[in-house]
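**Student:** Need coordinates for the below:
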Amino acid sequence: MGEGARVCLCIDLRSFYATVEARDRGLDPMEARLVVADPDRSANTICLAVSPRLKAEGVRNRCRMAEVPRGRGVVVARPRMARYLEASCEVVACLLEHVSADDVHVYSVDESFVEIGPYLPYYGLTPRAMAKRLQGAVAERLGYPATCGVGPNPFVAKVALDVLAKHDAEGICELDLAAFYRDIWFHRPITDIWQVGPATARRLASAGTVDLAGVAAADPKELERLLGPARARLLVDHAWGLEPTTVAEASAWKPRGRSMARGQVLLRDYTTAEAATVVREMADDLALSAESGGWDAERLTLAVGYSGDSWPATGGSRPLEGPLTARGAAEAASAVFSATVFPGVPVRRVDVALTGLTREGQPRLFDPASGDPRRERLDEARRAVAERFGRGSVLLASSLLPEGTARDLAGRIGGHRA
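**Tutor:** Have a look, this model is predicted:
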């Protein structure tokens, strides 16, 4: 499309996982009493989605299974991540019938940004009418209810969606900068604002700043001291409703470096010895996945979180010697774990990452002369078996211990059932 005034739309599928499950069961997504959770896990399992009807009845989003009311016809749907990814693609395909792919940025499985400014004169619509057109197209084609935020840039559109659209009868909120200052500047809590997390809110509160109006009025040097220069500049821009990045630029952005990561919240408190088993199998599995994609890696990074709020996370990184292998990654992760863990403190979360990814055969910054060919052949054999019979068909022996999680996670997407 040709050039036009900058108008951005952010569209969000309401309670997306629950909506997909309701539609696939022939239920009304807005009236169904449904939660998406794995019933085979404990009562403390977090529900991935709660239907709008249950939310209206007081069931909070991301609640635990123990908090879901019983005896009221509540349907518990087992997560199906592959289905949700498929449904997300169907939604994007629906949007692309009305706008160009160059003007769409898929932000998450249930949320997308669309640059709609160039299309307003083409369709002869106002921004709100264009939002209603896309919202209606998704509802008519797929039966998925959506909310929309509209603004002069992606940030204002996202804030309009997150803070106000859910209170509109049609699920649409349009903000220009004047309305942004009027309706958003003094909104609290500030954590409702996109990209302002609890840690940032705590730092701001320590200086008496509790909303975007306070950020706009604050001394920039004080904000830089609290948040760092880059973060402070971004937050000040956002406080004034400014965001120069376009949807097309966001879609075209490419990271300077590549990495792969895996993380999991453990279902119970793990001892140090039990957590060591999980660390090793996670690093092993991550390395095999990287190798299967033709990647090599320079460094492994580990982070360990503990039960409760009394202990800070620990971890570190370690360079990998020679070409990436599963055993090498597991040994590096185990070494970092042993050197940094708080002995005897219950572990509840483990995150492992491979950084400095390059395609196999490309030179690495710190590349030893050669690796161990036996390890490389072993990994090739393991990948071949896993490709034919599934990830759970070949595991470390330690994964067969009671604390091992690799067997349960095999075949999942994002830690959830596919």
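
**Student:** Point me to the helix or strand that includes Gly136.
**Tutor:** Here Gly136 sits within helix 127-142, counting by DSSP states H and E.

**Student:** Parallel or antiparallel, list what pairs with whatever helix or strand comes next after that helix.
**Tutor:** Using DSSP H and E, the helix or strand that follows helix 127-142 in sequence is strand 146-151. Counting by DSSP bridges, the strands paired with strand 146-151 are strand 8-13 (antiparallel), strand 172-174 (parallel).

**Student:** Can I get the helix holding Gly136 in PDB, CA atoms only?
**Tutor:** Extracted C-alpha coordinates of helix 127-142, given in PDB (Å, rounded to 0.1, in the frame of the first residue of the first chain):
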ATOM      1  CA  PRO A 127      -9.400   3.500  12.500                       C
ATOM      2  CA  ARG A 128     -12.100   2.100  14.800                       C
ATOM      3  CA  ALA A 129     -14.100   0.800  11.800                       C
ATOM      4  CA  MET A 130     -11.000  -0.900  10.400                       C
ATOM      5  CA  ALA A 131     -10.400  -2.500  13.800                       C
ATOM      6  CA  LYS A 132     -14.000  -3.700  13.800                       C
ATOM      7  CA  ARG A 133     -13.500  -5.100  10.300                       C
ATOM      8  CA  LEU A 134     -10.500  -7.200  11.200                       C
ATOM      9  CA  GLN A 135     -12.100  -8.200  14.600                       C
ATOM     10  CA  GLY A 136     -15.300  -9.300  12.800                       C
ATOM     11  CA  ALA A 137     -13.400 -11.200  10.100                       C
ATOM     12  CA  VAL A 138     -11.700 -13.400  12.700                       C
ATOM     13  CA  ALA A 139     -14.900 -13.900  14.500                       C
ATOM     14  CA  GLU A 140     -16.900 -14.800  11.400                       C
ATOM     15  CA  ARG A 141     -14.300 -17.100   9.900                       C
ATOM     16  CA  LEU A 142     -13.000 -18.800  13.000                       C
END
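
**Student:** could the strands paired with strand 146-151 go into JSON lines alongside distance to Ile190?
**Tutor:** All C-beta spots, glycine's among them, are computed from the backbone N, C-alpha and C. Below are these laid out as JSON lines (distance: least, CB to CB, whole Å):
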{"stretch": "strand 8-13", "distance to Ile190": "19"}
{"stretch": "strand 172-174", "distance to Ile190": "18"}
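
**Student:** Go through those strands and pick out the most buried.
**Tutor:** strand 8-13 (a mean of 27; mean count of other CB atoms under 10 Å).

**Student:** can I get the strands paired with strand 146-151 in JSON lines with distance to Glu31 and mean pLDDT?
**Tutor:** Below are the strands paired with strand 146-151 laid out as JSON lines (distance: least, CB to CB, whole Å; pLDDT from 0 to 100):
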{"stretch": "strand 8-13", "distance to Glu31": "17", "mean pLDDT": "97"}
{"stretch": "strand 172-174", "distance to Glu31": "21", "mean pLDDT": "97"}
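
**Student:** Ok, which of those strands comes nearest Tyr270?
**Tutor:** strand 8-13 (35.2 Å; CB to CB).

**Student:** Could you give the average pLDDT over the helix or strand following the closest one?
**Tutor:** Scanning forward in sequence from strand 8-13 by DSSP H and E, the next helix or strand is helix 16-24. For helix 16-24, mean pLDDT is 96.

**Student:** Okay, buried residues for the lengthiest helix in the chain please.
**Tutor:** The residue-count maximum for a helix in the chain (DSSP state H) belongs to helix 272-292. With burial defined by 16 or more other CB atoms under 10 Å, the residues of helix 272-292 counted as buried are 272, 274-291.

**Student:** And stretch 124-142, by the same measure?
**Tutor:** For stretch 124-142, the neighbour count (16+ other CB under 10 Å) marks 127-128, 130-132, 134-135, 137-138, 142 as buried.

**Student:** Then stretch 26-38?
**Tutor:** By neighbour count on 16+ other CB under 10 Å, the buried set for stretch 26-38 is 27, 29, 32-38.

**Student:** Just name the closest of those residues to Tyr17, please.
**Tutor:** Closest to Tyr17 out of those is Val36 (4.4 Å), distances taken as CB to CB.

**Student:** What separation is there between that closest one and Val7?
**Tutor:** Per CB to CB, to the nearest Å, Val36 is found 34 Å from Val7.

**Student:** for Trp295, same thing?
**Tutor:** Distance of Trp295 to Val7, given as CB to CB: 40 Å.

**Student:** what does Arg258 give?
**Tutor:** 34 Å.

**Student:** Which one of those two is surrounded by more residues?
**Tutor:** Val7 (23 against 15; other CB atoms under 10 Å).

**Student:** which non-adjacent residue is nearest that one?
**Tutor:** Gly117 (3.9 Å; CB to CB, 6 or more residues apart in numbering).

**Student:** Next up, the contacts around that neighbour.
**Tutor:** 4-8 (CB atoms under 8 Å, 6 or more residues apart in numbering).

**Student:** where's the dip in pLDDT among the residues you listed?
**Tutor:** Lowest confidence among those: Gly4, with 56.

**Student:** thinking again about what came up before, just checking, next helix/strand downstream of the longest helix of the chain?
**Tutor:** Assigned by DSSP H and E, the successor of helix 272-292 is strand 295-296.

**Student:** what kind of secondary structure is Leu125 in?
**Tutor:** Under DSSP: H, G, I helix; E, B strand; the rest coil, the three-state class of Leu125 is coil.

**Student:** can you redo the contacts of Gly117 as TSV with secondary structure?
**Tutor:** Shown next, in TSV, are these (three-state DSSP):
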residue	secondary structure
Gly4	coil
Ala5	coil
Arg6	coil
Val7	coil
Cys8	strand
